[in-house]
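K.L.:
Got a sequence here, can you build the structure:
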Amino acid sequence: MSGIVIVGTGQAGFQLGASLRQGGYREPITLIGDETHLPYGRPALSKAYLMGKTNAAALQLRPSAFYADQSLTLRVGERVAEIAPTLQRVILTSGEKLSYDHLVLATGSRNRPLPVPGAALPGVFQLRTLADADALKAALHDVKAVAIVGAGFIGLEFAAVCAGKGIAVTVIEGANRILARSVSPLMATAVEATHRAAGVHFAFGAVVSAILERNGRAVGVAATDGSNYAADLVLVGIGVLPNQELARDAGLPVSNGIEVDETLLTVDPAISAIGDCAHHPSPHSHEGRVRIESVQSAVDGARCVAARINGQPGSHVAVPWFWSDQGAYKLQIAGLAAPHDLAVLRGSPDDGAFSVFCFREGSLVGVESLNKPGDHMIARRLLEDRQANLTPEQAADTTFDLKASVAGHRRQN
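P.N.:
Numbers count the residues shown, from 1 in each chain. This is a model prediction of the structure:
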C-alpha cells in the first residue's frame, strides 16, 4: 500500500489531500504532521484567536469525520526523519517506514530566531502555531507593556491586539519603516498612522542587541544605540525560514526553499513541494522565481499538484495575493510589487480607504488596498490578464471605471 504521502498537515498539505480526492484519486493518501491537532488555519491566530473571538475548534479546516469520509489517513504528532528517494520511502522518527508512489513536501516554514543574548528567556515569545498562540493568550492576562521585535505583518497584527486590550506597545524595527519588504512606502505610511492612532509606539532604525533579564525572566529589549525598552512580554517576529532540511538531506536542490519547476515538481519525478517551503518559477516575480508565504499560494499550489497527479498537468501561475487585518483596517495585496518604479494613489489615505497601484517600466505589477476590497478584486483580474493595459493616470483617476476596463479588454480578446 503506497499511494501519496504528504509531509505536512498545514493549509497546503490539507488542501492537497482534499483536492486529490475531489479530482478522483482513489489510491491511499497519508498526511503526516508533527503538531497534535487536526489541520487548522493559521491566519486567525494573530488576530481573532488572541482576542477571544474564535476558538480552536473553529480554526479546524475540517472536522475529524471529513478525513474518515474521504479515506485520508491523518497521522498527527509524528515527524518524518528521513527520505530514502531511491526506495521511495520515508522514515519516521519512530523508525517506521512508509512507501510512496509520490511524495509531496508541504513542510512549511519556521520562525527565524533572534540571535542575541536572552532570546530564550521566559517571557520571550514567537507566534506561528496554535501552541504559540495559546501561550501568548495566557501570558497576556498579566501584561502591562509589550515590546515587539519586527514590524512585519505578525508583529503589527499582534500590536493591534495588544493596543485593543489597553496594553502599552512598542514595535522595534531595524529598518526605517514598517513592512519594508512587503508594501510601498505610501501604504506603509498610512498603516503606520493607523497604529499610532491606536496608541502603538515605534522605534525605527533600532537594532536589538539583547533581551534584558531580571530574576530569570525577560523584562525588556536593549538596542545597539544604548536604548532600552521595558516590557513584561517580548514578541519576536523577524520573518521565517523554509523547512527544507528533509529535502536537502535527500539530495534535492534547495536555496530559498525546495527548488521545483513550474508544475511544483522537484528534480526527483516522484517528489513535489508546495506551500511555504517551495521555491518556484513565477511569471509575476521580477526575479523569475519566488517563495510565497500565504494561504493563497498554499491552496493554489496544492490544487496544481493534485491536478498533475490526476492526469491534468499545468503550471502554477496564479496571481499571488495576500491579506492582513491591521486593527480595524483590512490590508489586501495583489501581485508582487517589489521592485517598482512608480506608485500612484487611488483615493485618499485621509478617508481610511484607498489603494496604491504599483508599476514597473510602465506595467502594473501590484496593487495594495486598504479597506477597498473592490479595488483588490479588480486588481487580481488585471494582473491575471497580463496583456491588459492600465496606465498610471487611469489608476489614479477615481472616475475611471476599472471594472469596465477589465471587461472591455476581455471582450476584445
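K.L.:
give the contact list for Ala160.
P.N.:
Lys47, His195, Ala198, Val200, Asp325, Gln326, Gly327 (C-beta atoms under 8 Å, 6 or more residues apart in numbering). All C-beta spots, glycine's among them, are computed from the backbone N, C-alpha and C.
K.L.:
Closest one of the residues you listed to Leu246?
P.N.:
Proximity of the contacts of Ala160 to Leu246 was ranked by C-beta to C-beta; the top entry is Lys47 with 30.6 Å.
K.L.:
burial of that closest one, as a residue count?
P.N.:
19 (other C-beta atoms under 10 Å).
K.L.:
excluding its backbone neighbours, what's nearest it?
P.N.:
Distance criterion C-beta to C-beta, 6 or more residues apart in numbering; nearest residue to Lys47, sequence neighbours excluded, is Asp325 at 5.0 Å.
K.L.:
does that neighbour really touch Ala44, like I thought?
P.N.:
No. Using C-beta atoms under 8 Å, Asp325 is not in contact with Ala44, being 9.1 Å away.
K.L.:
pLDDT score for the closest residue to Arg112 other than its chain neighbours?
P.N.:
Distance criterion C-beta to C-beta, 6+ apart; nearest residue to Arg112, sequence neighbours excluded, is Gly239 at 4.6 Å. Gly239 carries a pLDDT value of 95.
K.L.:
and what of Ala388?
P.N.:
pLDDT, Ala388: 68.
K.L.:
Could you do Pro242 as well?
P.N.:
For Pro242, the predicted pLDDT is 98.
K.L.:
Now for the nearest residue to it once chain neighbours are set aside: which residues touch it?
P.N.:
Nearest non-adjacent residue to Pro242, counting by C-beta to C-beta, 6+ apart: Gly257, 4.1 Å away. Residues counted as contacts of Gly257 (C-beta under 8 Å, 6+ apart) are Pro242, Gln244, Ala273, Asp276, Cys277, Ala278, His279, Arg291.
K.L.:
what are the ranges of the helices in the protein?
P.N.:
11-22, 56-59, 64-69, 130-139, 153-164, 185-197, 245-249, 295-309, 373-384, 392-396, 402-412 (DSSP state H).
K.L.:
list the buried ones in the longest one?
P.N.:
Burial within helix 295-309, assessed by neighbour count using 16 or more other C-beta atoms under 10 Å, is assigned to 295-309.
K.L.:
what comes into contact with that helix?
P.N.:
The contact list for helix 295-309, computed with C-beta under 8 Å, 6+ apart, reads 4, 10-16, 19-20, 22-23, 25, 41-43, 102, 104, 106, 263-265, 272, 274-276, 278, 280, 313-316, 318, 320-322.
K.L.:
Restricted to strands, list those.
P.N.:
Members of the contacts of helix 295-309 lying in strands (criterion: DSSP state E): Ile4, His102, Val104, Ser272, Ala278, His280, Trp321, Phe322.
K.L.:
for these, which one is nearest His286?
P.N.:
Among the ones in strands among the contacts of helix 295-309, and counting by C-beta to C-beta, the member closest to His286 is His280, at 14.7 Å.
K.L.:
who are the neighbours in contact with the closest one?
P.N.:
Neighbours of His280 in contact, by C-beta under 8 Å, 6+ apart: Val260, Asp261, Glu262, Leu264, Arg289, Val290, Arg291, Gly301, His316.
K.L.:
Against Val149, how distant is the second one?
P.N.:
When C-beta to C-beta, to the nearest Å is applied, the distance between Asp261 and Val149 equals 37 Å.
K.L.:
quick one, which of those two is more surrounded?
P.N.:
Taking neighbours as other C-beta under 10 Å, Asp261 and Val149 compare with Val149 leading, 26 against 13.
K.L.:
what is the more buried one paired to in the beta sheet?
P.N.:
Ile172, Val236 (DSSP bridges).
K.L.:
Verify the contact between it and Leu114 for me.
P.N.:
Yes. If you go by C-beta under 8 Å, Val149 and Leu114 touch, sitting 6.2 Å apart.
K.L.:
Now for the two: what residues contact both?
P.N.:
Val208, Val236, Ile238.
K.L.:
just checking, Glu157 touches Trp323?
P.N.:
No. Between Glu157 and Trp323 there is no contact under C-beta under 8 Å: 11.1 Å.
K.L.:
the more surrounded of those two?
P.N.:
It is Glu157, of Glu157 and Trp323, that has more neighbours when counted by other C-beta under 10 Å, with 21 against 17.
K.L.:
would you turn the contacts of Ala160 into CSV with pLDDT?
P.N.:
Listed next are these as CSV, based on pLDDT from 0 to 100:
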residue, pLDDT
Lys47, 92
His195, 97
Ala198, 96
Val200, 98
Asp325, 93
Gln326, 91
Gly327, 87
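K.L.:
Of these, which belong to strands?
P.N.:
If you go by DSSP E, the contacts of Ala160 have Asp325, Gln326 in strands.
K.L.:
out of the contacts of Ala160, who's nearest Arg79?
P.N.:
Taking the contacts of Ala160 together and measuring to Arg79 by C-beta to C-beta, the closest member is Lys47, at 28.6 Å.
K.L.:
and the closest one, how far is that from His376?
P.N.:
From Lys47 over to His376 the distance is 18 Å, taken as C-beta to C-beta.
K.L.:
Leu114 too?
P.N.:
Per C-beta to C-beta, Leu114 is found 33 Å from His376.
K.L.:
Number of residues surrounding the closest residue to Ala48 other than its chain neighbours?
P.N.:
Distance criterion C-beta to C-beta, 6+ apart; nearest residue to Ala48, sequence neighbours excluded, is Thr54 at 4.5 Å. Thr54 has 15 neighbouring residues, counting by other C-beta under 10 Å.
K.L.:
pretty sure Thr54 is touching Ala44, no?
P.N.:
Yes. If you go by C-beta under 8 Å, Thr54 and Ala44 touch, sitting 5.6 Å apart.
K.L.:
Mean pLDDT per helix and strand in the protein: which one sits at the bottom?
P.N.:
Every helix and strand of the chain was ranked by mean pLDDT, DSSP states H and E. The lowest is helix 402-412, at a mean of 64.
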